[in-house]
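# Build the 3D model from these lines:
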Amino acid sequence: MATFKHISSKNADYGAAEAYLTFEHDEFTMKPTLDGNGRLILREDYRISSLNCGGEDFAIACMRSNLQYGKNQKREDVKSHHYIISFDPRDAADNGLTVDRAQELGEEFCKAHFPGHQALVCTHPDGHNHSGNIHVHIVINSLRIEEVPMLPYMDRPADTKAGCKHRCTDAAMEYLKAEVMEMCHRENLYQIDLLNGSKNRITEREYWAKRKGQAKLDKVNALITANGITPRNTKFETDKEKLRGVIRAALSSAVSFEDFSGKLLQQGVTVKESRGRLSYLTPDRTKPITARKLGDDFDRAAVLERLTLNAQEAARAAEKPLSKQEYPRSIKDRLQRGKAAINAPKQGSVQRMVDREAKRAEGKGIGYDRWAAVHNLKQMAATMSIYEEYGFSSPEELEAALATASAELKNVHAEMKAVESTLREKKDLQKQVLAYIKTKPARDGLRAQKTEKARRAYREQHESEFIISEAATRYFKAKGITKLPASKALQAEIEQLTREKNTLYNGYREKRERTTELQTIKNNIDQIFRREPERGKGRDNER
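This is a model prediction of the structure:
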């Protein structure tokens, strides 16, 4: 799934950002990696481009602009902002995402959401942890060199003016995350809901603490193993990770908050509640860790919900008498009894069988025919296995399941399109509202003019702003809008629609995979049943 991250920098050396993007760096110390001759090592593969630099080097262009406007001259000033869009590792294989396409998406994203800023856009084909995730770095000078239209995340007039600085507020991050999700939906890439919190909230500091701790532990274990001793601990856990495990263990069996607190206290952890929020104090700390820093699974609402479920399950178990132990009659019965629900096999577990006769007619050679024979045997076995896992007893049941899956897919698709249409309308309305708000000074200035001649001269002087204002007014009249919605309420509505679209999109992808798999199974079953009589007929003729 695509993720979005922001880092602000007070480093006045703008060239360091470009050097980091183009040369190899140690993942722990962030220092450049040098070869045997003490020279920098260029990264094997990357794409990089600069925006709004006027043909100059990014660092020189930024410093020149800072001197022109007298900004970013103090040590405590934020000189640049670094945004990172990391795509899902599966997108390259499953959805055809390439480094070049990711670079194009990064440039489009930068132009749309950071206009007027000098920027570097660089795409790397792999992460530092070698997970295979294509990711895009967007580094912008905090200073804006051009006046830009007001964007939804901007809330001050200075946010649009040249010579002012970019502010990464909470509202800005919410908006940009929603735009990343929208981009992934548009490009048919894997995506999760970035607007809602995560069950385990891993900060950048905790992530690197774990990586460094694991590297140190591996080094110690290597020495232990070299002496012929098996190391006792091979996985490093941060203090927060250990605390999450302790809390989850207590939650798994507790039936009330008092019971939950008691189980934690046995492990030396004290849980506190203040203003409706939970925090956890471990024996080695003097300051508690808030639930917000651990993840959504550990806040008050999630804990109480889990405790309620545990209490309900305990009540049902107490009412239900223990049944006599029975042994299943066969292995199949045992497997079926152990399944709480039948999960659909992963897409790609079965492939469509090849029509060998049709391929021969196309002129395929004997080598291809031999491969197709082996391929068909494998897919035949996989098809029959999945056919039994689904519990189908006849092709008619398979056809009914396929029809049901197709209908569900169409329903979800229609619902998703309806949400997309509403979201598009809300964004168009937001664009017009922001444009209308920005022209308010010009409209106020026109009303302040005393004579008709002064009003004509003023209108000619601000003609472009009045064109925008009148276009927005026509839009409001066409939509029957008499009172403009509040900008914050409209943005909140757009974010809610984006969440709904993301949920529907994930469900649509799952239903599409299930429908595709059922269609593949049906095609293979039809081909198997069509050929079996032919083989039987041939054997009868031989007799």
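# Tell me where the stretch 201-350 of the chain has strands.
270-274, 277-281, 289-290 (DSSP state E, counting those that start in this stretch).
# how's the protein carved up into domains?
Residue ranges for the domains of the chain, per automatic domain parsing: 3-196, 205-319, 405-516.
# before we move on, back to that, and of the strands of the stretch 201-350 of the chain, who's closest to Leu446?
Taking CB to CB, strand 277-281 is the member of these nearest to Leu446, at 50.5 Å. Heads up, the C-betas are built off the backbone N, CA and C, glycines and all.
# Now that closest one: buried residues?
Using 16 or more other CB atoms under 10 Å as the test for burial, strand 277-281 gives Leu278, Ser279, Tyr280, Leu281.
# And the pLDDT at the first one?
The predicted structure scores Leu278 at 90 on the pLDDT scale.
# I'd say it and Val271 touch.
Yes - if you go by CB atoms under 8 Å, Leu278 and Val271 touch, sitting 6.1 Å apart.
# returning to that earlier point: just name the most buried of the domains of the chain.
domain 3-196 (a mean of 17; mean count of other CB atoms under 10 Å).
# re earlier: can I get the domains of the chain in TSV including distance to Thr383?
Putting the domains of the chain into TSV (distance: least, CB to CB, whole Å) gives the following:
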stretch	distance to Thr383
domain 3-196	22
domain 205-319	39
domain 405-516	14
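# Of all the ones you listed, which one comes closest to Asp355?
Judging the domains of the chain by CB to CB, what sits closest to Asp355 is domain 405-516, at 18.6 Å.
# Endpoints of that closest one, how far apart?
With CA to CA, to the nearest Å as the measure, domain 405-516 spans 9 Å from end to end.
# Name the residues that touch stretch 174-189?
Outside of stretch 174-189, the residues within contact range by CB atoms under 8 Å, 6 or more residues apart in numbering are 2, 4, 83, 85, 87-88, 91, 95, 97, 105, 109, 112-113, 151-153, 190-191, 193-195, 491, 494-495, 498, 501-502, 505.
# Strands - which of these land there?
Phe4, Tyr83, Ile85 (DSSP state E).
# hang on, the earlier thing: Throw the strands of the stretch 201-350 of the chain into TSV and include distance to Gln519, thanks.
Formatted as TSV, the strands of the stretch 201-350 of the chain follow (distance: least, CB to CB, whole Å):
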stretch	distance to Gln519
strand 270-274	51
strand 277-281	48
strand 289-290	49
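# what's the weakest-modelled helix or strand in the protein?
Across the helices and strands of the chain, mean pLDDT, DSSP states H and E gives its lowest value to helix 331-338, namely a mean of 48.
# Need the residues that contact the very next helix or strand once past it.
Following helix 331-338 in sequence order, the next helix or strand is helix 356-361 (DSSP states H and E). Residues outside helix 356-361 that contact it (CB under 8 Å, 6+ apart): Tyr368, Asp369, Ala372, Ala373, Asn376.
# Tell me where the model's unsure across the protein.
1, 128-130, 193, 195-201, 204, 208, 320-349, 530-543 (pLDDT under 70).
# Distance from the longest helix belonging to the chain to the middle of the chain?
In the chain, assigned by DSSP state H, the helix with the most residues is helix 487-542. Distance, stretch centre to chain centre, for helix 487-542: 23 Å (CA atoms, centre = their mean, to the nearest Å).
# For stretch 159-167, give the distance from the opening residue to the closing one.
By CA to CA, the extent of stretch 159-167 from end to end equals 8 Å.
# Outside of it itself, list whatever touches it.
Here stretch 159-167 makes contact (CB under 8 Å, 6+ apart) with 69, 71-72, 78, 81, 114, 116-117, 140, 142-151, 154, 156, 158, 438.
# go again using 7 Å as the cut-off
By CB atoms under 7 Å, 6 or more residues apart in numbering, the surrounding residues in contact with stretch 159-167 are 69, 71, 81, 116-117, 140, 142-150, 154, 158.
# Sitting in helices, which of those do you find?
Tyr69.
# Can you tell me the centre-most residue of the chain?
Nearest to the mean C-alpha position of the chain, counting by CA atoms, centre = their mean, stands Ala2 at 3.3 Å.
# Tell me if I'm right that that residue and Ile85 touch.
Yes - assessed by CB atoms under 7 Å, Ala2 is found in contact with Ile85 at 6.3 Å.
# what distance separates the longest strand along the chain from the centre of its chain?
Secondary structure of the chain per DSSP E: the longest strand is strand 135-144. Between the centre of strand 135-144 and the centre of its host chain there is 20 Å, according to CA atoms, centre = their mean.
# In terms of secondary structure, what does that strand contact?
Counting contacts by 3 or more CB pairs under 7 Å, 6 or more residues apart in numbering; DSSP states H and E, strand 135-144 packs against helix 58-69, strand 80-86, helix 99-113, strand 117-124.
# after that strand, next one along is what?
helix 170-186.
# how close does Glu206 sit to Tyr475?
According to CB to CB, to the nearest Å, Glu206 and Tyr475 sit 47 Å apart.
# whoops, Gly36 was the one
According to CB to CB, Gly36 and Tyr475 sit 65 Å apart.
# what residues does stretch 409-419 touch?
Here stretch 409-419 makes contact (CB under 7 Å, 6+ apart) with Leu497, Glu500, Lys501, Leu504, Tyr505, Gly507, Tyr508, Lys511, Arg512, Thr515.
# Name the nearest of those relative to Arg456.
So of those, ranked by how close each gets to Arg456 (CB to CB), first place is Leu497, at 43.2 Å.
# Next, the contact list for the closest one, please.
Val419, Thr422, Leu423, Lys426.
# residues touching the second one, list them.
Pointing back at Thr422 there. Leu497.
# quick one: secondary structure of it?
Under DSSP: H, G, I helix; E, B strand; the rest coil, Thr422 falls in the helix class.
# Tell me who's in contact with Ile247.
Each residue near Ile247 by CB under 7 Å, 6+ apart is listed here: Leu264, Tyr280, Phe298.
# at 6 Å instead, please
Neighbouring residues of Ile247 by CB atoms under 6 Å, 6 or more residues apart in numbering: Phe298.
# Going forward, the N-terminal residue is numbered 3.
Okay, residue one is now 3; in that scheme the one you just asked about reads as Ile249.
# how close does it sit to Leu499?
In terms of CB to CB, Ile249 sits 34 Å off from Leu499.
# And Arg461, by the same measure?
For Arg461 relative to Leu499 (CB to CB), the value is 38 Å.
# What distance do you get for the residue nearest to Glu502 when sequence neighbours are not counted to Gly509?
Excluding the flanking residues, the one nearest Glu502 by CB to CB, 6 or more residues apart in numbering is Val421, at 5.3 Å. Relative to Gly509, Val421 is positioned 12 Å away (criterion: CB to CB).
# Over to Glu176?
The value you get for Glu176 to Gly509, if CB to CB is used, is 23 Å.
# For the stretch 203-352 of the chain, which segments count as helices?
For the stretch 203-352 of the chain, the helices defined by DSSP state H, counting those that start in this stretch occupy 206-228, 241-255, 259-268, 293-296, 302-321, 333-340.
# how about those, which one is nearest Thr125?
helix 206-228 (20.5 Å).
# Hey, what's the angle from that closest one to helix 241-255? Just curious.
90 degrees (axes from the mean of the first three to the mean of the last three CA atoms, to 10 degrees).
# From the contact counts, what lies against helix 206-228?
Contacting helix 206-228 under the criterion 3 or more CB pairs under 6 Å, 6 or more residues apart in numbering; DSSP states H and E is no other helix or strand.
# Now it - C-alpha only, PDB.
The C-alpha trace of helix 206-228 is given here as PDB (Å, rounded to 0.1, in the frame of the first residue of the first chain):
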ATOM      1  CA  GLU A 206      10.300   7.100  12.200                       C
ATOM      2  CA  ARG A 207      12.300   7.100  15.500                       C
ATOM      3  CA  GLU A 208      11.000   3.700  16.600                       C
ATOM      4  CA  TYR A 209      11.500   2.200  13.100                       C
ATOM      5  CA  TRP A 210      15.200   3.200  13.000                       C
ATOM      6  CA  ALA A 211      15.700   2.100  16.700                       C
ATOM      7  CA  LYS A 212      14.400  -1.300  15.700                       C
ATOM      8  CA  ARG A 213      16.600  -1.500  12.600                       C
ATOM      9  CA  LYS A 214      19.700  -0.500  14.500                       C
ATOM     10  CA  GLY A 215      18.900  -2.800  17.400                       C
ATOM     11  CA  GLN A 216      18.300  -5.700  15.100                       C
ATOM     12  CA  ALA A 217      21.600  -5.100  13.300                       C
ATOM     13  CA  LYS A 218      23.500  -4.900  16.600                       C
ATOM     14  CA  LEU A 219      21.800  -8.100  17.800                       C
ATOM     15  CA  ASP A 220      22.700  -9.900  14.500                       C
ATOM     16  CA  LYS A 221      26.300  -8.900  14.900                       C
ATOM     17  CA  VAL A 222      26.400 -10.300  18.500                       C
ATOM     18  CA  ASN A 223      24.600 -13.500  17.400                       C
ATOM     19  CA  ALA A 224      27.100 -14.000  14.600                       C
ATOM     20  CA  LEU A 225      29.900 -14.200  17.200                       C
ATOM     21  CA  ILE A 226      27.900 -16.500  19.400                       C
ATOM     22  CA  THR A 227      27.100 -18.800  16.400                       C
ATOM     23  CA  ALA A 228      30.800 -18.800  15.400                       C
END
